[in-house]
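Chemist: Model the structure of this input:
(chains A and B)
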Amino acid sequence: MLSRALRRSFILRYSAIQVRCNSSEALKPKPLHSSLLSRADLYVNELHELENLMSQGGSFDLEKQKQFAKLSTIVDAYSKYKEEIGQYNELQEIIELDPALKDEAEIDMAELLPSLTKTGNILVNKLLPPHPFADKPSILELRPGVGGLEAMIFTQDLLNMYINYANYHRWKWSLISKTDNASGSGVLEAILNIDEPGSYDKLKFEAGVHRVQRVPATESKGRTHTSTAGVIVLPKMGEESESEAYERTFKPDEIRIDVMRASGKGGQHVNTTDSAVRLTHYPSGIVISMQEERSQHRNKAKAFAILRARLAEKERLEKEEKERNARKDQVSTTDRSDKIRTYNFPQNRITDHRCGFTLYDIEGILKGERLDDVIDAMDSFDAEQKSKKLLQDMA
Amino acid sequence: MPRISPAVLKLAAITDRRLPYLLRQNNGNISEAKQELRWIKNELSSSRSINMACWLRFNAVPLQYVLKSQPFGPLELSVRPGVLIPRWETEEWCIDLIENLPDNGPDGNFKSLDLCSGSGCIGLSISHARPTYSVSLVEFSSKAIAVLKDNIERLHLRDRNIQCIQADILKNSESIYANEKFNIITCNPPYIPSDEFVKECTTSVKMYEPRLALVADMEFYDNLVKHWIHRTESFVYEVGDIRQCQHVVNGLSHSNQWVTGIKYDSNNKARCVYGYQTASASGVDYGKIFSSFSTDRY
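Modeler: Now for the predicted structure:
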């Protein structure tokens, strides 16, 4: 009874958007939770305030502009949702009260429902708290898994895929480090830096084990092999640039920096480029070796950038783990599953095991042009999961 | 020099036919040679010049001369034959020093003097990081002076407060910037004793780098104690050997005005001798500047 009373009060405030819950369950779209909608209303108010400020010619700095852009997308989605849910209510009424127009109304209803579900999802997605690193550039680490040489070749293919993907979006990228296999084909380890802010948000679902099924170039008898490669996606923290402050953010006793310990006297006696650096972070046990640059100083800076990224990601995972435990939620989610995707060459098929999305275009994926299809599918899957969780938490 | 086995040469040749040329200077280590080839490819564009570079490297020409540049901290210095190649040890202490230099000197004028500048790595790094400083550079070799001036242009430091002069500090210390006093003197003097030169230096250093910038023993440290010490409140001199540190420390031990110390590099070799006046007239906190110097023993 209490909930009904509450709902009444919401009907008063949001009469346009309230969904009647007691009619035709089969056709009923999921109504958005009232607290979500009240959150959306807060955003509407905030946007009005900003607009007022703007019309009065108040100062409008970058921060406010960002806020304004963010708010207006939310409010757009919200008003579209309101409009559609209004239509839905009208149709519902017609179906109930006017038998003459019932058939036509049902046809309209069938058209409206998918669109309504979609707008609802978009709105929820926008209302969900954003990922803490959503606006960060990203660092991708790729390593071969099981499968020997074929896995190394596949790792190279994956690396090319992400480079192509970055090129396709005209994102600036650079290879932080890459170790080729001695025989020349395949990589042992590659670290790709994508400078575009927000690329972490796009690529975060790429983390995990990618599986390939194909007849490898190394196979002489034409048998199909299954190999894997691991991808780690890290948010790139802060500015690596020229700042010398990178060391200061760590306590001296947490960090150990090793350089090439050449024998002999060093200094003016030798002029070889001994620039390799190994960085050890004791509290986390992370070790990073860097030898890409000709300058030790720059190798250090790069190693610190990677260390900071790895620590940030680790912290985030630990925090999520904690939250999950607090909820006692045993549902497997996107970020936990290990084998995330299969690339099946003989069938020209790509399947993402988390959201069950399948696409038949290996070439388009590896060129990076259709990777967005998979990423978008994953994105909406994740949003759905999260909104479910959110609603469960509220219930 | 260790013999490189034909198997390694062959393996290298399969990856890239230019790679075997680079093995000699990398002690037969393929991955290091590959790294070097990558650096060469990054800097040079035409395959002709890459081939030429590999051939020069085979003949022990330093990579820095082949590529005509060397990164030093945030700077990219131009280096040519006739000027000493900046070493990573120098880069290390120089960055440590700069990190603790005050943003502004007393009454906005911090005066720094860099002796035996060579490519200008130390002095120009200071000027780059602290635009308000007045930086004076002294270099004896005319070839090096040319490179130094080149670097000032290249790094867009023309508008900074930089003077550089060509002079022999062993002969006319007093007349160089006569009557001027400095807050800090930095110097990377030649420090390889002549008997050590043949024994300890690598072929590449012996054959291609200027002897003038390498061979000397105590001359410059004597020169410091005798002439420069009265004109500065602090100093950092790079050394090749702990003896040279002790020489300076002993030379100043009679005076209780000076705090002296030794800085070790990450390779655990004595790399710098430094000192500062306990009571500085200008009010600069030198203890703070050299705070990262004393503890750096690994």
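
Chemist: what residue ranges in the stretch 201-350 of chain A score low on pLDDT?
Modeler: The stretch 201-350 of chain A contains residues with pLDDT under 70 at A:238-249, A:324-337.

Chemist: which bits of it sit near chain B?
Modeler: For the stretch 201-350 of chain A, the contact set with chain B under CB under 8 Å from any CB of the partner chain comprises A:242, A:244, A:257-262, A:264-275, A:291-298. C-beta coordinates here come from the backbone N, C-alpha and C atoms, glycine included.

Chemist: which of these count as buried?
Modeler: In those, burial by neighbour count holds for A:244, A:257, A:259-260, A:265-275, A:291-298, counting by 16 or more other CB atoms under 10 Å in any protein chain shown.

Chemist: mind listing which of these are in helices?
Modeler: Of those, the ones assigned to helices by DSSP state H are A:296-298.

Chemist: in the helix or strand where A:Lys322 lies, what counts as buried?
Modeler: Using DSSP states H and E, A:Lys322 maps to helix A:296-327. For helix A:296-327, a neighbour-count test (16+ other CB under 10 Å) marks A:296-313, A:316, A:324 as buried.

Chemist: Kindly report the same for stretch B:142-158.
Modeler: By neighbour count on 16+ other CB under 10 Å, the buried set for stretch B:142-158 is B:144-145, B:147-152, B:154-155, B:157.

Chemist: Show me which of those is closest to A:Ala217.
Modeler: When the buried residues of stretch B:142-158 are ranked by distance to A:Ala217 (CB to CB), B:Arg154 comes first, at 46.8 Å.

Chemist: Got phi/psi on the closest one?
Modeler: Per-residue torsions, B:Arg154: phi -60, psi -40 (degrees, to the nearest 10).

Chemist: how close does it get to B:Ser136?
Modeler: Separation of B:Arg154 from B:Ser136 (CB to CB, to the nearest Å) stands at 20 Å.

Chemist: do the same with A:Asp274
Modeler: Distance from A:Asp274 to B:Ser136, by CB to CB: 31 Å.

Chemist: Which parts of the chain are strands?
Modeler: Since no chain was named, I'll use chain A. A:138-144, A:173-180, A:187-194, A:208-214, A:225-235, A:255-259, A:277-281, A:286-290, A:339-344, A:349-352, A:357-359 (DSSP state E).

Chemist: that's the other chain; I wanted chain B
Modeler: Under DSSP E, chain B gives strands at B:69-72, B:75-78, B:111-115, B:134-139, B:162-166, B:184-187, B:234-238, B:258-264, B:270-277.

Chemist: would you turn those strands into TSV with mean pLDDT?
Modeler: Shown next, in TSV, are these (pLDDT from 0 to 100):
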stretch	mean pLDDT
strand B:69-72	92
strand B:75-78	93
strand B:111-115	93
strand B:134-139	93
strand B:162-166	91
strand B:184-187	94
strand B:234-238	94
strand B:258-264	89
strand B:270-277	91
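
Chemist: right, and the ones you listed - which one's nearest chain A?
Modeler: Nearest of these to chain A, taken as CB to the nearest CB: strand B:69-72 at 3.6 Å.

Chemist: Quick check: closest non-adjacent residue to the residue of the stretch 1-150 of chain A found nearest chain B.
Modeler: Residue nearest to chain B within the stretch 1-150 of chain A (CB to the nearest CB): A:Leu149, separated by 15.4 Å. The shortest distance from A:Leu149 to any non-neighbouring residue, by CB to CB, 6 or more residues apart in numbering or on different chains, is to A:Thr218 (5.2 Å).

Chemist: quick one: the one you found and B:Ser142, what's the gap?
Modeler: Using CB to CB, one gets 60 Å for the distance from A:Thr218 to B:Ser142.

Chemist: again with A:Ser284
Modeler: According to CB to CB, A:Ser284 and B:Ser142 sit 53 Å apart.

Chemist: try B:Tyr237
Modeler: From B:Tyr237 to B:Ser142 the distance is 24 Å (CB to CB).

Chemist: same check, this time on B:Cys201
Modeler: Applying CB to CB, the value for B:Cys201 to B:Ser142 is 24 Å.

Chemist: Contact partners for the residue lying closest to A:Ser72 once chain neighbours are set aside?
Modeler: Leaving aside its chain neighbours, A:Ser72 sits nearest to A:Leu47 (6.4 Å; criterion: CB to CB, 6+ apart). Shown in contact with A:Leu47 (CB atoms under 8 Å, 6 or more residues apart in numbering or on different chains): A:68, A:71-72, A:75.

Chemist: likewise A:Arg143?
Modeler: Shown in contact with A:Arg143 (CB under 8 Å, 6+ apart): A:155, A:188-190, A:229-230, A:232.

Chemist: repeat that for 6 Å
Modeler: Counting by CB atoms under 6 Å, 6 or more residues apart in numbering or on different chains, A:Arg143 touches A:189, A:230.

Chemist: same thing with A:Val259?
Modeler: Contacts of A:Val259 by CB under 6 Å, 6+ apart are A:277, B:266.

Chemist: looking at the sheet around it, what are its partners?
Modeler: Counting by DSSP bridges, A:Val259 is bridged to A:Val277.

Chemist: Show me the domain layout of chain A.
Modeler: According to automatic domain parsing, chain A comprises the domains A:2-127, A:138-236+A:361-394, A:244-261+A:275-318.

Chemist: Output those domains in a markdown table, with distance to B:Trp88 appended to each entry.
Modeler: Compiled in a markdown table, the domains of chain A are given as follows (distance: least, CB to CB, whole Å):
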| stretch | distance to B:Trp88 |
| --- | --- |
| domain A:2-127 | 40 |
| domain A:138-236+A:361-394 | 19 |
| domain A:244-261+A:275-318 | 5 |
